[in-house]
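Trainee: Return atomic coordinates for the entry below.
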Amino acid sequence: GTLMGMGNLPEAADIALDLTRLNEVVVYEPDDLTIAVQAGCRIGDLDAILAEHGQMLPFEVACPAEATVGGLYAAAISGPRRFGHGSMRDLVIGITCMSPSGELARGGGMVVKNVSGYDMMRLHYGALGSLGVIVQLNFKVLPRPTAQRTVVVLFADLENAVRAALAVRESQLTPTAITILDETAARSAGLDVAPWTVLMRAEGPAEAAAQQTKRLRESALVGSIESEVLEDAATEALWATTNASLAAAPEESAINMRIGMPATRASEIVQAVCDVSSERLLRRAISVDIGNGLLFARFDADYDHLPELQLAWDALRGIGSHASLLTAPPSVKQGIDVYGSEPEGFGLMSALKQQFDPRRTLNRGRFIGHL
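Mentor: Model prediction:
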C-alpha cells in the first residue's frame, strides 16, 4: 500500500487484492546473475537476499521494508540511480501476469538476452495493474559495488547549482546519480542547510570510486559555498533518506508531483515551482533528478487551504514535457486526470484495455485518461 496514493479516483472499488503472501523467491541463480520472485516480495527482503551473494537490484523506494516488487513495477517509480543503472523495466527479463478471468500469461524467461515477450513486459510497466495482475517478475541482477561515495556541494543560488550539475552530467564522468535538493529537502535528509545542495553518487571498486569522487568534486566547485564527501555507510543512509521524494502514499493535505523536463530547462522549471509555492503560500520540498530529467515537488497546506493545492497543480501541470500527481487529497483529484493531458497513442492504450480487461474489472478509472 505504499504507492496507493497514485492514480485517479476509482470509479468503483469492490474487492481489494492483497498479494503480500505471494512473496517467495522462485528461482535464484547467482552465477547466471538471474532471479525470479513473486510479486509480493518486499524490496528490502530482496535486497538482503542478493547482498548475501554480493549482488543487487538498484531499486529505490521511499519504504523498502514495505514496498513490494510487483507494486513498484506497476507504479513505474524510479529513483536517481536510474541514471547509472537503468530503470526497473530495463532489468526485467520475464513476467507472469493473471488476467481478470484467472488465466496466466507469461513473457520473456530466465535468460538475460531473451527478447521473447518484450512487449508484454513493457505493457505492464507503470500500468497500475489495470491490464493484468502481476504475479511474478524475473530479473537480471548486478554486482554490488564494493565502494560508494557521495559528493555533497552547497550553493547559495539555483543558477550555480544547476550549472554545476549539468557540467557533470555532460562530462565524461560517470556518476550513478545527480540530484539537486532545496533547503527543505536537504534538511529532511540531515544535511547542512544551504539554499541548494547538489548530490553526486559514485559507485564501483574502491580505487575507481575514489578517483571518480575526486574528479566529481573538482568539477562542481565553481560557485559553491563548500563541499564534503560521504563514504559507504553514510552514502547508503543519505540516499535512503532522499528517496522520500518518491513517496506516493495517500495524502490528506499535501500533493507530490513529478514533472518531466529537458535537463537544460532545469533552472527555469525549478524557479517556476518555487514561484508557485510562494504565490500560493504553500510549504515546499523540491528534489531535482537532474540525471534523468525529473523534478519531484511536494507542497503542503493547512487543511483549510486545500484549494491552493489544486491551483498549484493547475499552474504547473503544463510546464514541463509531462507532469503527473503522484499523490493528492481526494478533493484535489476530484474531476481531474492526475496524469495531466492524454499522451500520444492514447487510442492504442484504450484498445489494449478493451482487449485485456473488456469488463473493466481491474482498477477501474485509475489509469491514464480514467481507463
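Trainee: The stretch 51-200 of the chain: helices as residue ranges?
Mentor: With DSSP state H, counting those that start in this stretch applied, the stretch 51-200 of the chain shows helices at 69-75, 82-85, 88-91, 118-124, 158-169, 183-188, listed in chain order.
Trainee: Look at Ile286 and tell me its secondary structure.
Mentor: Put simply, Ile286 is strand when judged by DSSP: H, G, I helix; E, B strand; the rest coil.
Trainee: quick one: buried residues of stretch 34-45?
Mentor: 34-43, 45 (16 or more other CB atoms under 10 Å). In this view, the C-beta of every residue, glycine as well, is placed from N, C-alpha and C.
Trainee: mind putting the residues you listed in a markdown table, secondary structure included?
Mentor: Converted to a markdown table, the buried residues of stretch 34-45 look like this (three-state DSSP):
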| residue | secondary structure |
| --- | --- |
| Thr34 | strand |
| Ile35 | strand |
| Ala36 | strand |
| Val37 | strand |
| Gln38 | strand |
| Ala39 | coil |
| Gly40 | coil |
| Cys41 | coil |
| Arg42 | strand |
| Ile43 | helix |
| Asp45 | helix |
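Trainee: hmm, back to that, lowest average confidence across the helices of the stretch 51-200 of the chain, which one?
Mentor: Lowest mean pLDDT of the helices of the stretch 51-200 of the chain: helix 118-124, a mean of 79.
Trainee: Give me the distance from it to the chain's centre.
Mentor: Mean-position distance between helix 118-124 and its chain equals 19 Å (CA atoms, centre = their mean, to the nearest Å).
Trainee: who does Thr68 bridge with?
Mentor: Beta-bridge partners recorded for Thr68 (DSSP bridges): Arg42.
Trainee: is it true that it touches Gly44?
Mentor: No. Counting by CB atoms under 8 Å, Thr68 stays clear of Gly44, with 10.2 Å between them.
Trainee: could you give me the average pLDDT of stretch 322-333?
Mentor: 95.
Trainee: Could you tell me the end-to-end distance of that stretch?
Mentor: 17 Å (CA to CA, to the nearest Å).
Trainee: for the helix or strand bottoming out on mean pLDDT in the chain, which positions count as buried?
Mentor: When the helices and strands of the chain are scored by mean pLDDT, DSSP states H and E, helix 118-124 comes last with a mean of 79. Residues 120-121, 123-124 are the ones in helix 118-124 that count as buried (16+ other CB under 10 Å).
Trainee: repeat for stretch 194-213
Mentor: By 16+ other CB under 10 Å, the buried positions in stretch 194-213 come out as 194, 196-204, 209, 212-213.
Trainee: for stretch 88-106, same thing?
Mentor: Neighbour-count burial for stretch 88-106, with 16+ other CB under 10 Å as criterion, is recorded at 88, 91-98.
Trainee: what separates it from the chain centre, distance-wise?
Mentor: So, by CA atoms, centre = their mean, the centroid of stretch 88-106 is 21 Å from its chain's centroid.
Trainee: before we move on, what about stretch 72-84?
Mentor: Remark: stretch 72-84 is offset 4 Å from the chain centroid, using CA atoms, centre = their mean.
Trainee: Looking at the buried residues of helix 118-124, which is nearest Phe296?
Mentor: Distance to Phe296, by CB to CB, is smallest for His124 among the buried residues of helix 118-124, at 23.5 Å.
Trainee: Just to check, the closest one is in contact with Gly70?
Mentor: No. Here His124 lies out of contact with Gly70, judged by CB under 8 Å, at a distance of 9.5 Å.
Trainee: Now the common contact residues for these two.
Mentor: Here His124 and Gly70 have Ile134 as joint contacts, going by CB atoms under 8 Å, 6 or more residues apart in numbering.
Trainee: Low-confidence stretches in this structure?
Mentor: Along the chain, the model assigns pLDDT under 70 to residues 111-118.
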